[in-house]
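K.L.:
here is my input, please return the structure:
(chains A, B, C and D)
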Protein chains: 2
Amino acid sequence: MPPTTPDISPDGPPLTLAGLQIDVLEGAFSWYIRSLDFAVSNDLDRRMAHLDMAKGKGKITAVLLVDRYPGVRPSQIAEVLLRDRPATGRIIDALVTSGDLRRETDRGDLRAQSLFVTPKGQALANSVRRIIQEQEREFFDFIAPQDRAQFMRMLKRAYLNMRKKLE
Amino acid sequence: MPPTTPDISPDGPPLTLAGLQIDVLEGAFSWYIRSLDFAVSNDLDRRMAHLDMAKGKGKITAVLLVDRYPGVRPSQIAEVLLRDRPATGRIIDALVTSGDLRRETDRGDLRAQSLFVTPKGQALANSVRRIIQEQEREFFDFIAPQDRAQFMRMLKRAYLNMRKKLE
DNA sequence: CGTGTTTGGTTGTGTTTTGCAACTTTCAGG
DNA sequence: CCTGAAAGTTGCAAAACACAACCAAACACG
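P.N.:
Below you'll find the predicted structure:
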């Protein structure tokens, strides 16, 4: 395409893929976020391939949540994951089957369940955390420490804005 | 914030969902990005629900790309989308069927195709752009102009880092 | 030329994901 | 008790996606 196109974006050289200049096209954060998610997820899947925990978008968060909050209930996890209960239930099923989580009936509420990690799940959670940290280090290290906080803050705030709207 | 809990993150009050404090849990950008993507995509789907273009993750980008670069080839789109050719081909199929895109045989290379938007597709592209801009405005407006550039730069760079690794 | 390799696209298939609806059990309030 | 709401489960049907196999055109090059 003709290089006559002025570089509108004030953020470095225009991003070119397959000979197409992407930047201006979408002009939007959303495109970067969606693409970045795609890349992040794929990369995570690769790194976790050796763990038995089959490709799990939700599974990762679920294990970490249960590990950190022993006794959580599936419905709470569902809310964090932004999924419905059936979907969450199946995620948990898989984790129970693989021997990483354990279900108990919540005492005090026979309808609900309390979730706990097994020793195996505990180990898994640790692996996962380590892998995530490696990924962070590898791909986000270019962000200066003081900028990291701001970056995180922006992500968080946007996320909260969205959640509010979705409810 | 509760005085008992030291606020590790220098980025505002801890994020609590369903009574669980999420922040420290994942501690990572990746979690925010993945969640944010989920929210962004859902929100986009909603906003686009009235357009015939059935829920399309790839479709959105495809239409915009073709609109901006008349004559692009499916393989180029595939590369941008980070999908394989079959997947991309089907996306294009759908858009052709719905009358938004038009295929032509590339002159000069009989194997390849050149894609163009139809008038309908043109209108669709405009709608999509408008919707995306609204979404941006609604959810990312809190970012000060001078910070936007930096935010974008970080997203972009992380994205590029990832892509390099995926290839 | 002609032959082997690469590139662009299509078709077919099987798996995974996921959202919705319906159903069971339990709780909470009056 | 009775009713309505909440927690999970099951069933189902649709969508997305990755992989492999396949055809046709282009290119490289001896």
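K.L.:
residue ranges with poor pLDDT in chain A?
P.N.:
Scanning chain A with the threshold set as pLDDT under 70 gives A:1-14, A:23-27, A:54-55, A:167.
K.L.:
mind redoing it with 50?
P.N.:
A:1-10 (pLDDT under 50).
K.L.:
run through who's touching the host helix or strand of A:K59.
P.N.:
For A:K59, the host element (DSSP states H and E) is helix A:57-68. Residues outside helix A:57-68 that contact it (Cβ atoms under 8 Å, 6 or more residues apart in numbering or on different chains) are A:41, A:44, A:48, A:53, A:56, A:72, A:76-77, A:80-81, A:83, A:87-88, A:91-92, A:94-95, A:100-101, A:115-117, A:121-122, A:124-125, A:128-129, A:132, B:20, B:25-26, B:31, B:34. Any C-beta I mention is one placed from the backbone N, CA and C, and that applies to glycine too.
K.L.:
per-domain residue ranges of chain A.
P.N.:
Following automatic domain parsing, one gets these domains for chain A: A:1-49, A:57-150.
K.L.:
and those domains: which comes nearest DNA strand C?
P.N.:
domain A:57-150 (3.4 Å; Cβ to the nearest atom of the strand).
K.L.:
sorry, back to before: now the domains of chain A as a markdown table including distance to DNA strand C and mean neighbour count?
P.N.:
Output for these, formatted as a markdown table (distance: least, Cβ to the nearest atom of the strand, whole Å; neighbours: other Cβ atoms under 10 Å in any protein chain shown):
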| stretch | distance to DNA strand C | mean neighbour count |
| --- | --- | --- |
| domain A:1-49 | 9 | 17 |
| domain A:57-150 | 3 | 17 |
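K.L.:
if I look at A:D147, how far off is A:F38?
P.N.:
As judged by Cβ to Cβ, to the nearest Å, A:D147 and A:F38 stand 24 Å apart.
K.L.:
ugh, typo on my part, it should be A:F116
P.N.:
A:F116 sits at a distance of 33 Å from A:F38 (criterion: Cβ to Cβ).
K.L.:
before we move on, back to that, closest one to B:R157 among the domains of chain A?
P.N.:
domain A:57-150 (6.0 Å; Cβ to Cβ).
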